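J.: Quick one, fold the following:
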Amino acid sequence: MPLRLTRWVPRICGFAAILVVLLFSKFGIARAQDGSDGRSGAPVVGRIFVNGNVHVDSARIVRTFDVPPGTRFSSDLVRRGTRKLTALGLFSNVQLLKNEHDGLVDLTIVVAERPRLAAVRFSGNKKREDVDLEKKLFLHAGETFSLVQAQMQVDSLAEYYRSEGFPRAKITPKADTLVSRNEVNLTFEIVEGEKLRIGDIVFEGRTAFGTKRLRKVMKTKTKGLFGGGELKDETFAEDREKLETWYQNHGYRDMQVAGFEVVPGSDPKRVTLKVTLTEGRPYTFGTTRWEGARTLDSTFLARTWKDRKAVAYDKSRVEKARGDVLGEYAEHGLLYVDMEPEESVRDSVVDLVFHVREGSPSFVRRVTILGNKGTREHVLRRELDVHEGDRFRRSALIRSQGDMMRLQLFEEVMPDISPAESTDVDVIFTREGEAGRHGVRRRGLHGRGGPHRLPRTRAQQRARQRPVARAAPRARRPQRPPARGLLAQFHRAVVQGFPDVARLLHLQHDA
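T.: The predicted structure follows:
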């Protein structure tokens with residue numbers, strides 16, 4: 001028995017020590033939460049007043065301060081509330097005043113609001129109107145003024161001028177403070193400079209092709225007789241893609257455009273665009289294999305990709321072969337086919353392996369015609385070569401579109417497919433345009449269309465060829481022979497053109 005007590009004594013002492021530590025820690029936390037400085041008799045927050053605000057609502061300031069009346073006053077809570085008010089960005093200074101009485105603390109929040117924008121104006125702009133510049137503003141009258149936001153606005157306006165061909169434009173913000181109203185008139189003083197045009201395009205690192213040929217590939221052009229030469233940064237990304245694609249389609253698989261640089265030209269109004277190229281080495285096609293293409297005939301695959309010796313690498317040829325094979329799979333009803341070409345390089349030769357993973361065949365679950373209002377649906381469905389339950393065929397879809405267009409009831413028929421359950425698809429024909437009373441109004445060269453009349457039937461053609469009995473012409477009243485002689489002609493002219501004079505002559509003749 002004494003041995004058992006001796007074994008349990010250390011454990012009992014350990015549990016007692018842990019219990020004492022927990023009690024003291026809980027008591028310390030309760031004291032820390034009871035008052036700001038560890039005092040249990042901390043005063044309670046009474047009323048909260050707001051001074052100095054003009055535009056910002058007092059209720060919003062108290063709500064953001066987040067120290068409601070009735071809570072124990074704490075320095076940490078006050079500091080946190082002050083930081084929240086400053087983070088709003090509406091005040092340049094936030095102060096807190098305390099008034100203790102009868103165990104309560106009344107708080108007064110004194111704020112100094114940032115000045116607000118009274119107006120935003122532009123000066124010095126001659127080649128761009130104020131209306132165009134106002135569209136680029138994100139600062140508007142009535143908002144809080146900040147030097148940081150004003151500088152950000154300067155950057156956006158400078159970017160706009162660069163995109164319009166004024167890379168040397170300088171913009172300076174000028175703020176006129178209205179102290180009595182705590183407002184600011186913000187004026188952007190603009191020095192536009194001359195509009196620069198691209199006078200020349202040079203290629204650094206070019207060895208394979210001529211400068212004239214590469215200029216034709218780019219969208220950016222030099223200044224010519226009929227315009228051109230605009231300096232726009234957004235066109236550089238498109239020029240990069242066009243140059244790299246053109247090189248890759250002409251044997252240079254690893255070609256990259258290193259960058260664009262605008263340097264001064266010989267004329268102050270002209271600049272030179274320098275394009276830095278990394279051409280790499282030319283490549284040729286090697287062997288080509290198709291893996292996993294079980295449905296298609298090997299003859300079709302060999303016809304799609306004809307192996308030739310020492311043919312320059314062409315990325316567009318690879319994409320075209322991939323599209324042709326996928327189209328043939330669609331003709332066989334296999335729409336869910338995954339095919340990725342794998343390129344392996346050995347020295348300057350590129351070997352191709354087309355990995356094909358065929359899916360299950362697709363069947364037509366439903367055929368829907370959308371946009372049809374004036375034609376009975378069975379008239380349209382009898383022209384379709386795509387039927388529900390049939391195996392999908394790409395040629396049948398195209399043929400159905402052509403047959404519906406030959407009815408000349410719609411301006412355009414757009415076929416589409418949407419995935420259904422499993423691998424099946426739904427075929428949707430959407431009509432666009434309406435037929436008039438005498439046919440379809442088709443768009444002309446200038447966007448206006450005239451009535452496209454339907455072809456006449458044989459009965460209508462025979463009716464037009466049949467002679468029609470016409471009534472005998474009515475007998476005309478005999479006309480008096482025209483008068484001859486100068487006097488008669490003068491008399492007729494006076495009677496027809498001057499009736500008053502003619503009446504006067506008749507009166508004189510009667511007298």
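J.: For the residue nearest to Val367 when sequence neighbours are not counted, list the residues it contacts.
T.: Counting by CB to CB, 6 or more residues apart in numbering, Val427 is the residue found nearest to Val367 once chain neighbours are left out, at 4.9 Å. No exception for glycine: its C-beta is placed from N, CA and C like everyone else's. By CB atoms under 8 Å, 6 or more residues apart in numbering, the contact list for Val427 reads Val364, Arg366, Val367, Thr368, Val386, Phe392, Leu397, Pro415, Asp416, Ile417.
J.: How about Leu96?
T.: Here Leu96 is in contact with Val78, Thr82, Leu107, Thr108, Ile109, Val110 (CB under 8 Å, 6+ apart).
J.: how about 6 Å then?
T.: Applying CB atoms under 6 Å, 6 or more residues apart in numbering to Leu96 gives the contacts Val78.
J.: List the buried residues in the helix or strand hosting it.
T.: Secondary-structure assignment from DSSP states H and E places Leu96 in strand 91-101. Residues Phe91, Val94, Leu96 are the ones in strand 91-101 that count as buried (16 or more other CB atoms under 10 Å).
J.: any idea which of the residues you listed is the one closest to Phe49?
T.: Distance to Phe49 across these (CB to CB) is lowest for Leu96, with 10.7 Å.
J.: Would you map the helices across the stretch 101-250 of the chain?
T.: 130-134, 147-163, 211-217, 234-248 (DSSP state H, counting those that start in this stretch).
J.: coming back round to it: now, which of the contacts of Val427 lie within strands?
T.: Those of the contacts of Val427 mapping onto strands are Val364, Arg366, Val367, Thr368, Pro415, Asp416, Ile417, per DSSP state E.
J.: So Arg60 belongs to a strand, correct?
T.: No - the assignment for Arg60, made by DSSP: H, G, I helix; E, B strand; the rest coil, is helix rather than a strand.
J.: Which per-residue confidence value corresponds to it?
T.: Here, the pLDDT recorded for Arg60 equals 90.
J.: where are the low-confidence patches of the stretch 401-511 of the chain?
T.: Scanning the stretch 401-511 of the chain with the threshold set as pLDDT under 70 gives 433-511.
J.: go again using 80 as the cut-off
T.: 432-511 (pLDDT under 80).
J.: got it, and the chain?
T.: 1-42, 163, 179-180, 224-234, 265-266, 268-269, 309, 432-511.
J.: Could you spell out which stretches of it belong to which domain?
T.: Domain assignment for the chain, taken from automatic domain parsing, gives 44-113, 116-191, 197-278, 284-357, 364-442.
J.: Please name the strands paired to the helix or strand harbouring Lys274 in the sheet, noting orientation.
T.: Assigned by DSSP H and E, Lys274 belongs to strand 270-278. Paired with strand 270-278 in the same sheet, following DSSP bridges, are strand 197-204 (parallel), strand 256-264 (antiparallel).
J.: Deepest-packed of the ones you listed, please.
T.: Ranked by mean neighbour count, the strands paired with strand 270-278 are led by strand 197-204 with a mean of 17 (mean count of other CB atoms under 10 Å).
J.: Farthest-apart pair in the ones in strands among the contacts of Val427, please.
T.: Arg366 and Pro415 (13.8 Å).
J.: Give me the common contacts of these two.
T.: Among the neighbours of Arg366, none is also in contact with Pro415 (CB under 6 Å, 6+ apart).
J.: hmm, back to that, quick check: can you name the pairing partners of the strand holding Leu96 and their directions?
T.: Here strand 91-101 has these sheet partners by DSSP bridges: strand 104-113 (antiparallel).
J.: Surely Tyr336 touches Gly359?
T.: Yes - contact criterion CB atoms under 6 Å: Tyr336 and Gly359 qualify, at 3.4 Å.
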